[in-house]
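Engineer: Sequence isn't available, so here's the structure alone:
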């Protein structure tokens with residue numbers, strides 16, 4: 001089990017590094033990956049070498065984590081600022097002038113003669129334009145907002161579409177001084193059309209992956225039911241014993257992705273089909289995903305698309321958890337008991353899980369007792385963990401985009417950084433959460449802004465967002481000792 005967890009973490013870590021930092025540093029991705037994986041490998045080796053007392057000293061764990069994180073940042077920024085990568089200046093004044101003119105043309109998404117047309121798109125009664133700045137592949141339009149953000153964005157976008165067609169994506173966002181500004185970027189519409197024509201985008205592929213995932217999840221469910229692989233291979237009818245687990249797991253993942261698909265289609269966003277990822281070990285699957293290709297039009301749509309996934313996951317998995325706990329049983333706790341051991345689960349790391357366990361399994365909060373989860377309870381428990389992970393207010397996680405929609409991009413960055421630190425501190429109480437904390441530090445804090453990234457949410461969405469953050473705290477906060485005694 002430990003090997004497969006380490007393998008999955010390694011694959012996820014490498015994919016995140018490849019997508020987030022490969023384009024901003026010359027440091028090899030494999031070297032950054034090796035540094036980030038070192039703490040997990042060291043802690044696992046320590047636990048394997050000390051079977052009698054596998055607890056890692058707190059000072060040792062913190063030292064390894066801090067040292068590797070500092071080394072990772074040093075390697076990352078050393079690759080970005082290497083002198084060998086700096087461009088050499090032209091040798092003569094003529095070459096310098098020619099280079100500057102070429103660079104200026106490259107930085108202008110519009111021709112110099114079109115600048116007057118662009119300025120005419122900004123009505124003084126809506127947005128008083130003061131200056132234009134040319135950046136790589138973008139034009140920044142700074143001015144003074146004179147009406148509501150919704151009306152300003154709608155008016156300016158319509159004017160630009162009348163003058164330039166669909167050449168640009170029009171973005172309204174907050175500048176450094178928190179004043180709204182418009183950004184014009186080349187419209188990647190042709191790339192989107194190419195993606196839509198991709199032959200791999202076919203319902204048969206999505207259906208095939210689902211059927212394969214159903215089989216791999218069923219085999220894992222059979223093993224959770226106590227049937228060894230030799231038996232069900234000799235008698236395939238025994239696979240029916242694993243169907244309840246597989247159906248519950250794929251139901252949770254499927255309803256989550258179908259909900260995201262439905263909300264995206266409701267807002268007329270271009271999205272792929274939901275795809276399941278089969279995996280023949282551990283849980284039987286690595287989850288499911290879909291990709292939203294269209295830019296998000298505003299913060300309300302950003303909120304809706306980010307909230308629906310965790311909300312549906314919790315709504316489906318929580319009843320499964322309650323029913324599964326009622327069918328589970330207590331076993332004596334041992335040194336291997338913990339929050340990742342489904343056969344000897346310690347529920348006190350989570351306030352919500354402790355309340356459910358204390359009510360449905362009297363005596364489960366006793367330090368000498370652990371819970372042997374029934375297969376359906378495992379699915380409900382995993383859904384609870386998945387809801388908490390995706391609700392973390394960091395980067396492109398659902399929680400990060402939700403907080404971005406609620407408080408704005410700048411505030412979301414600060415909340416994300418604080419959440420990382422708090423999760424790291426939580427690993428002092430529960431070292432099993434270290435891998436979770438490590439993944440959160442690998443996820444970039446910034447996410448993509450909405451086209452209209454200034455207009456705020458309505459009260460209904462703000463309340464739903466706050467309730468979701470409260471749910472996250474309710475899942476992750478450990479149960480107070482006084483409450484444990486009361487429930488016991």
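Structural biologist: Done, it's in. Small disclaimer: the values here were computed from a predicted structure and weren't measured.

Engineer: Show me the helices in the stretch 251-400 of the chain, by range?
Structural biologist: 299-327, 351-360, 375-390, 398-407 (DSSP state H, counting those that start in this stretch).

Engineer: Redo the ones you listed as TSV? Include mean neighbour count, distance to residue 454 and mean pLDDT.
Structural biologist: Glycine gets a C-beta too; all of them are placed from N, C-alpha and C. Below are the helices of the stretch 251-400 of the chain laid out as TSV (neighbours: other CB atoms under 10 Å; distance: least, CB to CB, whole Å; pLDDT from 0 to 100):
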stretch	mean neighbour count	distance to residue 454	mean pLDDT
helix 299-327	21	8	93
helix 351-360	20	36	89
helix 375-390	23	26	89
helix 398-407	26	12	93
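
Engineer: what about those, which gets the closest to residue 148?
Structural biologist: Closest to residue 148 of the helices of the stretch 251-400 of the chain, according to CB to CB: helix 299-327, at 13.7 Å.

Engineer: Show me which positions of the helix or strand hosting residue 116 end up buried.
Structural biologist: Mapping residue 116 onto the secondary structure by DSSP states H and E places it in helix 115-120. By 16 or more other CB atoms under 10 Å, the buried positions in helix 115-120 come out as residue 118.

Engineer: likewise stretch 337-348?
Structural biologist: Neighbour-count burial for stretch 337-348 [16+ other CB under 10 Å]: 337-342, 344-348.

Engineer: ok, of those, which one's closest to residue 246?
Structural biologist: residue 342 (15.6 Å).

Engineer: Touching, that closest one and residue 373? I think so.
Structural biologist: Yes: the criterion here is CB atoms under 8 Å, and residue 342 meets it with residue 373 at 4.7 Å.

Engineer: on that earlier part again, which neighbouring elements make contact with the helix holding residue 116?
Structural biologist: strand 127-135, helix 149-164 (3 or more CB pairs under 8 Å, 6 or more residues apart in numbering; DSSP states H and E).

Engineer: Beyond the shortest one, next helix or strand please.
Structural biologist: Moving toward the C-terminus from strand 127-135, the next helix or strand (DSSP H and E) is strand 138-145.

Engineer: Just want the angle from that following strand to strand 127-135.
Structural biologist: 160 degrees (axes from the mean of the first three to the mean of the last three CA atoms, to 10 degrees).

Engineer: Sheet partners, orientation included, of strand 138-145?
Structural biologist: Pairing partners of strand 138-145, with direction, according to DSSP bridges: strand 127-135 (antiparallel), strand 180-186 (antiparallel).

Engineer: Nearest to residue 410, out of the ones you listed?
Structural biologist: With CB to CB as the yardstick, what comes closest out of the strands paired with strand 138-145 is strand 180-186 (12.9 Å).

Engineer: where's the closest one relative to the chain centroid, distance-wise?
Structural biologist: How far strand 180-186 lies from its chain's middle: 26 Å, per CA atoms, centre = their mean, to the nearest Å.

Engineer: who's in contact with it?
Structural biologist: 109-110, 118, 122, 127, 137-143, 145, 149, 152, 156, 160, 167-175, 454 (CB atoms under 8 Å, 6 or more residues apart in numbering).

Engineer: quick one: the spatially most central residue of the chain from residue 412, how far?
Structural biologist: In the chain, the residue lying closest to the centroid (CA atoms, centre = their mean) is residue 397, at 2.6 Å. Separation of residue 397 from residue 412 (CB to CB, to the nearest Å): 11 Å.

Engineer: And residue 451, by the same measure?
Structural biologist: 17 Å.

Engineer: show me where pLDDT drops low in the chain?
Structural biologist: Applying pLDDT under 70 to the chain flags the ranges 1-13, 15-16, 18-24, 43-44, 46-62, 80-109, 189-201, 281, 483-488.

Engineer: Which segments of it make up each domain?
Structural biologist: 2-80, 109-187, 198-294, 320-488 (automatic domain parsing).

Engineer: Just the strands from this protein, written as ranges.
Structural biologist: 127-135, 138-145, 168-174, 180-186, 275-278, 285-289, 329-332, 369-372 (DSSP state E).

Engineer: What lies in contact with the second one?
Structural biologist: Contacts to strand 138-145, defined as CB under 8 Å, 6+ apart, come from residues 108-110, 118, 122, 127-134, 152, 175, 179-185.

Engineer: out of those residues, which are buried?
Structural biologist: By neighbour count, with 16+ other CB under 10 Å, these hold 108-110, 118, 122, 127, 129, 132, 134, 152, 180-185 as buried.

Engineer: which two in those residues are spaced the farthest apart?
Structural biologist: Using CB to CB, the buried ones among the contacts of strand 138-145 span at most 24.3 Å, a distance reached by 108 and 152.

Engineer: related to what we said a few turns ago, and the strands of the chain: which comes nearest residue 478?
Structural biologist: Ranking the strands of the chain by proximity to residue 478 (CB to CB) places strand 369-372 first, at 16.3 Å.

Engineer: number of nearby residues for residue 170?
Structural biologist: Around residue 170 there are 22 other residues, counting by other CB atoms under 10 Å.

Engineer: What count of nearby residues applies to the nearest residue to it once chain neighbours are set aside?
Structural biologist: Distances taken as CB to CB, 6 or more residues apart in numbering put residue 157 closest to residue 170, at 4.5 Å, once the chain neighbours are dropped. Counted by other CB under 10 Å, the residues lying close to residue 157 total 20.

Engineer: wait, residue 157 sits on residue 171?
Structural biologist: No: under the criterion of CB under 8 Å, residue 157 is not in contact with residue 171, lying 9.7 Å apart.

Engineer: Hmm, residue 387 is touching residue 468, no?
Structural biologist: No: using CB under 8 Å, residue 387 makes no contact with residue 468, being 9.2 Å away.

Engineer: Common neighbours of those two, please.
Structural biologist: Joint contacts of residue 387 and residue 468 (CB under 8 Å, 6+ apart) are residue 310.

Engineer: related to what we said a few turns ago, got the helices of the stretch 251-400 of the chain as a markdown table, with distance to residue 475 columns?
Structural biologist: As requested, the helices of the stretch 251-400 of the chain are exported to a markdown table (distance: least, CB to CB, whole Å):
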| stretch | distance to residue 475 |
| --- | --- |
| helix 299-327 | 9 |
| helix 351-360 | 5 |
| helix 375-390 | 4 |
| helix 398-407 | 12 |
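
Engineer: Output the strands of the chain as a markdown table; include the columns distance to residue 311.
Structural biologist: What follows is these, written out as a markdown table (distance: least, CB to CB, whole Å):
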| stretch | distance to residue 311 |
| --- | --- |
| strand 127-135 | 36 |
| strand 138-145 | 33 |
| strand 168-174 | 27 |
| strand 180-186 | 30 |
| strand 275-278 | 20 |
| strand 285-289 | 16 |
| strand 329-332 | 31 |
| strand 369-372 | 26 |
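
Engineer: Which stretch among the ones you listed approaches residue 306 most closely?
Structural biologist: Of the strands of the chain, nearest to residue 306 by CB to CB is strand 285-289, at 14.3 Å.

Engineer: Counting neighbours, which bits of that closest one end up buried?
Structural biologist: 285-286, 288.

Engineer: for stretch 357-373, same thing?
Structural biologist: 357-358, 360-361, 364-365, 369-371, 373.

Engineer: now swap in stretch 267-278 and tell me
Structural biologist: For stretch 267-278, burial by neighbour count (16+ other CB under 10 Å) applies to 267, 269, 271-272, 274-276, 278.

Engineer: For the residue nearest to residue 272 when sequence neighbours are not counted, grab the count of nearby residues.
Structural biologist: In space, and not counting its chain neighbours, residue 272 is closest to residue 291: 4.6 Å by CB to CB, 6+ apart. Residues near residue 291, counting by other CB under 10 Å, number 12.
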